[in-house]
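> any chance you could fold what I've pasted below:
(one chain, ligands or ions: 1)
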Amino acid sequence: MGIAPSFRFQTSASPMHHFIMLRSQLMDSDMDYERPNVETIKCVVVGDNAVGKTRLICARACNATLTQYQLLATHVPTVWAIDQYRVCQEVLERSRDVVDDVSVSLRLWDTFGDHHKDRRFAYGRSDVVVLCFSIANPNSLHHVKTMWYPEIKHFCPRAPVILVGCQLDLRYADLEAVNRARRPLARPIKSNEILAPEKGREVAKELGVPYYETSVVAQFGVKDVFDNAIRAALISRRHLQFWKSHLRNVQRPLLQAPFLPPKPPPPIITVPAPPSSTEEHPGRLLEDPLCADVILVLQERQRLFAHKIYLATASSKFYDLFLMDLGPEEEEEEGAKKEEEEGRPRRAPPLCGRDLLMRAASFDVCESSEGEATGPACGPAPATGP
Ligand SMILES: Nc1nc2c(ncn2[C@@H]2O[C@H](COP(=O)(O)OP(=O)(O)OP(=O)(O)O)[C@@H](O)[C@H]2O)c(=O)[nH]1
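Below you'll find the model as predicted:
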């Protein structure tokens with residue numbers, strides 16, 4: 001891709017030198033039309049008032065990244081973009097792109113959203129039309145079908161159309177805060193007016209055009225829209241100018257990857273300050289039998305009050321112990337009696353209740369002796385408390 005050298009004024013250069021350099025720069029920009037294999041594409045952006053056409057063009061043409069609040073507080077005049085390619089080097093340079101191995105210069109044309117304005121000048125010789133609506137304004141989507149699409153088909157019947165749902169971030173925004181930050185006379189955005197992506201897709205399907213969503217705030221979808229508008233324009237050009245072999249790799253407009261909404265802020269958990277008086281201190285739990293849920297009996301005399309939660313987190317052995325089924329053993333015995341009555345051979349009783357408890361209790365002490373020692377004599381016998 002041939003890119004005109006970026007030009008900066010040097011302090012030592014004379015005004016005449018500046019003039020010559022500027023002139024050659026402007027001529028260079030006009031040369032795009034004559035460069036071999038650089039496809040100049042005229043893309044007209046239309047749609048209702050204030051749906052975000054100008055912002056979308058600025059995001060592509062000047063890489064303008066704004067915060068939501070800067071965006072809400074400022075306004076860029078419509079038809080800003082039309083002549084910028086001749087006077088602004090950055091805009092011209094950013095118009096150049098390579099899509100599917102084809103070098104292109106994308107000329108974006110902004111238009112008035114007012115339905116009654118005459119836009120035939122803008123539509124003339126357009127290669128692709130980007131038709132915008134706002135996902136926060138159902139009327140603007142309605143007008144896509146009733147007003148904009150018929151107008152496009154009237155003025156440029158052969159130009160491919162791309163449908164774009166702008167201001168996608170409003171679907172996930174705090175609308176109260178957004179409405180507070182908007183200009184005083186701006187119509188407030190209501191949550192029940194926010195359109196689901198399916199609504200845009202349905203209309204796009206009806207019209208037989210590709211559909212994309214964008215947000216200038218979230219910097220989402222801007223490249224998708226214009227790359228695929230370029231694709232649509234190049235495919236249509238390939239049909240007419242079949243000898244242009246460098247267009248053979250151009251793909252049809254691609255599907256857009258879904259937008260990943262921003263994660264909600266993590267919940268705030270306030271940890272209360274530790275109790276000041278010793279009475280409320282957690283250490284009190286150790287002495288209070290009412291709070292204990294385990295009693296450890298040492299040598300059948302000394303009783304220690306304990307808490308399952310502390311024991312289980314301190315040692316995995318306790319954790320396993322507390323997960324064991326220590327249910328009444330009578331049930332087992334009853335089952336065995338029944339089996340005997342029915343004449344079935346008596347199965348070895350499964351380890352449960354106290355057996356398991358004893359085994360687990362002795363495990364800590366005996367595991368190093370590799371099974372030599374067994375039986376209840378190995379350690380203190382825990383007993384579940386009340
Ligand atoms: N939240 C959000 N607001 C946006 C976005 N794009 C544009 N806006 C808002 O929409 C307003 C109108 O945007 P413009 O780009 O001027 O709309 P337009 O379609 O060019 O409007 P006209 O020039 O009147 O036809 C801006 O002032 C912003 O407040 C976006 O992606 N997200």
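
> domains for this protein, by residue range?
For the chain, automatic domain parsing gives the domain ranges 16-247, 282-322.

> so what secondary structure elements neighbour the lengthiest strand in the chain?
In the chain, assigned by DSSP state E, the strand with the most residues is strand 38-47. The helices and strands touching strand 38-47, judged by 3 or more CB pairs under 8 Å, 6 or more residues apart in numbering; DSSP states H and E, are helix 53-61, strand 102-109, helix 120-123, strand 128-134, helix 222-240. Using the backbone N, CA and C atoms, a C-beta is placed for each residue, glycine as well.

> among those, which comes closest to residue 210?
helix 222-240 (6.1 Å; CB to CB).

> what are the buried residues along that closest one?
By neighbour count on 16 or more other CB atoms under 10 Å, the buried set for helix 222-240 is 222, 224-235, 237-238.

> is that helix in proximity to the ligand?
No. Applying CB under 6 Å from any ligand atom, one finds helix 222-240 separated from the ligand by no less than 9.1 Å.

> for the stretch 101-250 of the chain, list the residues in contact with the ligand, please.
Counting by CB under 6 Å from any ligand atom, the residues of the stretch 101-250 of the chain near the ligand are 112-113, 166-167, 169-170, 215-217.

> okay, now the closest residue to the ligand within the stretch 201-350 of the chain: neighbour count?
The nearest approach of the stretch 201-350 of the chain to the ligand comes at residue 216, 3.6 Å away (CB to the nearest ligand atom). Neighbour count of residue 216, defined by other CB atoms under 10 Å: 25.

> and what of the one 3 residues further on?
For residue 219, the neighbour count with other CB under 10 Å is 14.

> next, it: phi, psi?
Per-residue torsions, residue 219: phi 50, psi 50 (degrees, to the nearest 10).

> shouldn't it be in contact with residue 56?
No. Shown here, residue 219 and residue 56 do not form a contact pair, counting by CB atoms under 8 Å, at 11.5 Å.

> picking that back up, which one of the helices and strands packed on strand 38-47 lies closest to residue 94?
Nearest of those to residue 94, taken as CB to CB: helix 53-61 at 5.8 Å.

> now the closest one: mean pLDDT?
Over the span of helix 53-61, the pLDDT mean works out to 85.

> quick check: buried residues in it?
By 16+ other CB under 10 Å, the buried positions in helix 53-61 come out as 53-61.

> pull the number of nearby residues for the residue lying closest to residue 171 once chain neighbours are set aside.
Of all residues not flanking residue 171 in the chain, residue 194 sits nearest, at 5.4 Å (CB to CB, 6 or more residues apart in numbering). When counting by other CB under 10 Å, one arrives at 19 neighbours for residue 194.

> and residue 146, by the same measure?
Residue 146: 10 neighbours (other CB under 10 Å).

> just say helix, strand or coil for it.
helix (DSSP: H, G, I helix; E, B strand; the rest coil).

> the ligand versus that one, what's the distance?
With distances taken as CB to the nearest ligand atom, to the nearest Å, residue 146 is found 17 Å from the ligand.
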